[in-house]
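Engineer: Below are the sequence and a predicted model for it; my questions follow.
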Amino acid sequence: MRSAVCSVLLSAVIAAARAGAADPDVRTLIAGGHWKQARALLEPRVKAKPSDADAAAGLSAVREAYGDLDAALDLAERAVKLQPTVAAYHWQLADVVGNQAEKASVFRQFGLARRFRDEAETTIKLDARHIEARLALIAFFIRAPGLIGGDRKKADVMVDEIARIDPGAGQLARAQVLKESKATGDFETLFRQASETAMAPDVKYDATLSLMNWYLTQKPSRIDDAVREARALVALDPQRIAGYRALAGIYVGLGKYAELDAVLADSEKAIPDNLTPFYRAASTIVVQSSDLPRAERYLRKYLTQEPEAGAAAPAFAHWRLGQVLEKEGKRAEAISELELCAKLKPDFEDGKKDLARVRAAR
């Protein structure tokens, strides 16, 4: 099943795989994380023609991105039933089932894990070069008990098979094995070699993303290297948000506001319906308590449109805005924003605590 590590290391690749059954325009949108645009195209297609397997599989990926796993499962099952020999449909079904397994009770996990394995293996039988299913099975083989098919030796064999298909993906697979096994290794070299030897553009993008994230998680962070890789991400695909988002947070941390303004302008021009970099910049400013009017401006801008799937929900933007307003001495406005946060997400403890504190302040 898809692990958290796999999600971090292979997000771009998996997004492309989810879209493999859709038409080229929708495929490009989903691979780039443009879920709102994909939804707008796919919903009317599925409604007009429920037997459209391509549209069903694509909309399944969209529903999964928004966290509606039940709807995603129904659509993926429909696509497989309509066209059972299409590998991408089985992979979309496997991905949804794996996602469900991660969130399920212990009693349901075994059945879901078996189903994930069956669908992923069917994907490979139908398409022997399907890297995404192979990568996900590596995590399954390492994490799952032997009773349901876990086998470390199979994971090692899978790494070699992936490397023969795409050398760059093979390096990512080796890094994944180390992560899943909680082992040490030269991740910097693995990620760099993955980027240099990747045959598929999505693999190269994901390797670069993984290298950037590795630099950011070092202690101390290797900021200059991270900036270089973030800029490489933007150059590889200006229509994807990851590079802009990372640069926004980095430049706030460095106090380089001219560079921040340039990145945010470039991001908004390239991807006007995804304002995530503004949220990232604002959140970093709030933590640092630096340029609060700037943070307020960014958060209000972020709240002007529906967030992209996977981005911060409005409740969190209202929470951050409430924190900013409190620090600016605007207590009444801060309470209003924190009340909105509590209304939108009643189970968010940090928001409730901040609301109680601001209300009690004199």
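Structural biologist: Received, thanks.

Engineer: and Glu343, how many residues sit next to it?
Structural biologist: For the record, residue 343 is Lys, not Glu. 11 (other Cβ atoms under 10 Å). Heads up, the C-betas are built off the backbone N, CA and C, glycines and all.

Engineer: Which helix in the protein has the most residues?
Structural biologist: helix 106-126 (DSSP state H).

Engineer: residues of that one that come out buried?
Structural biologist: Buried residues in helix 106-126, counted by 16 or more other Cβ atoms under 10 Å: 109, 112-117, 119-124, 126.

Engineer: List of residues touching that helix?
Structural biologist: 1, 85-88, 90-91, 93-94, 97-98, 100-101, 104, 130, 133-134, 136-137, 140, 144, 147-149 (Cβ atoms under 8 Å, 6 or more residues apart in numbering).

Engineer: low-scoring stretches of the stretch 251-362 of the chain, by residue?
Structural biologist: Filtered on pLDDT under 70, the stretch 251-362 of the chain yields the residue ranges 362.

Engineer: just to revisit the earlier point, want to throw the buried residues of helix 106-126 into a markdown table with distance to Lys256 and pLDDT?
Structural biologist: Below are these laid out as a markdown table (distance: Cβ to Cβ, whole Å; pLDDT from 0 to 100):
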| residue | distance to Lys256 | pLDDT |
| --- | --- | --- |
| Gln109 | 46 | 89 |
| Leu112 | 46 | 95 |
| Ala113 | 46 | 94 |
| Arg114 | 51 | 94 |
| Arg115 | 49 | 96 |
| Phe116 | 44 | 96 |
| Arg117 | 48 | 96 |
| Glu119 | 47 | 98 |
| Ala120 | 44 | 97 |
| Glu121 | 49 | 97 |
| Thr122 | 50 | 98 |
| Thr123 | 45 | 98 |
| Ile124 | 46 | 98 |
| Leu126 | 49 | 98 |
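
Engineer: Among those, pick out the one closest to Ala360, please.
Structural biologist: Top of the list for closeness to Ala360, among these and by Cβ to Cβ, is Gln109 at 43.0 Å.

Engineer: list the contacts for Glu268?
Structural biologist: Contact partners of Glu268, counting by Cβ under 8 Å, 6+ apart, are Leu275.

Engineer: distance of it from Arg164?
Structural biologist: According to Cβ to Cβ, to the nearest Å, Glu268 and Arg164 sit 42 Å apart.

Engineer: Likewise for Lys154?
Structural biologist: For Lys154, the distance to Arg164 - Cβ to Cβ - is 16 Å.

Engineer: out of the two, which sits in the busier spot?
Structural biologist: Lys154 (15 against 10).

Engineer: and the residue nearest to that one when sequence neighbours are not counted, which of the three is it?
Structural biologist: Spatially, and ignoring its direct neighbours in sequence, Lys154 is nearest to Phe141 (4.5 Å; Cβ to Cβ, 6 or more residues apart in numbering). What DSSP: H, G, I helix; E, B strand; the rest coil gives for Phe141 is helix.

Engineer: now swap in Gly310 and tell me
Structural biologist: coil.

Engineer: Any idea how many residues pack against the nearest residue to it once chain neighbours are set aside?
Structural biologist: Spatial nearest neighbour of Gly310, excluding adjacent residues (Cβ to Cβ, 6+ apart): Ala65 at 6.2 Å. Counted with other Cβ under 10 Å, residues neighbouring Ala65 total 20.

Engineer: then the helix or strand containing Val46 to CSV, C-alphas only?
Structural biologist: In this assignment (DSSP states H and E), Val46 forms part of helix 35-48. Provided in CSV are the C-alpha atoms of helix 35-48 (Å, rounded to 0.1, in the frame of the first residue of the first chain):
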residue,chain,number,x,y,z
TRP,A,35,-7.4,19.2,-9.2
LYS,A,36,-10.0,22.0,-9.4
GLN,A,37,-9.6,22.3,-13.2
ALA,A,38,-9.7,18.5,-13.6
ARG,A,39,-12.9,18.3,-11.5
ALA,A,40,-14.6,20.9,-13.7
LEU,A,41,-13.9,18.9,-16.8
LEU,A,42,-14.6,15.5,-15.4
GLU,A,43,-17.8,15.9,-13.4
PRO,A,44,-20.0,16.9,-16.4
ARG,A,45,-18.4,14.0,-18.4
VAL,A,46,-19.3,11.4,-15.8
LYS,A,47,-22.8,12.8,-15.3
ALA,A,48,-23.5,12.9,-19.1
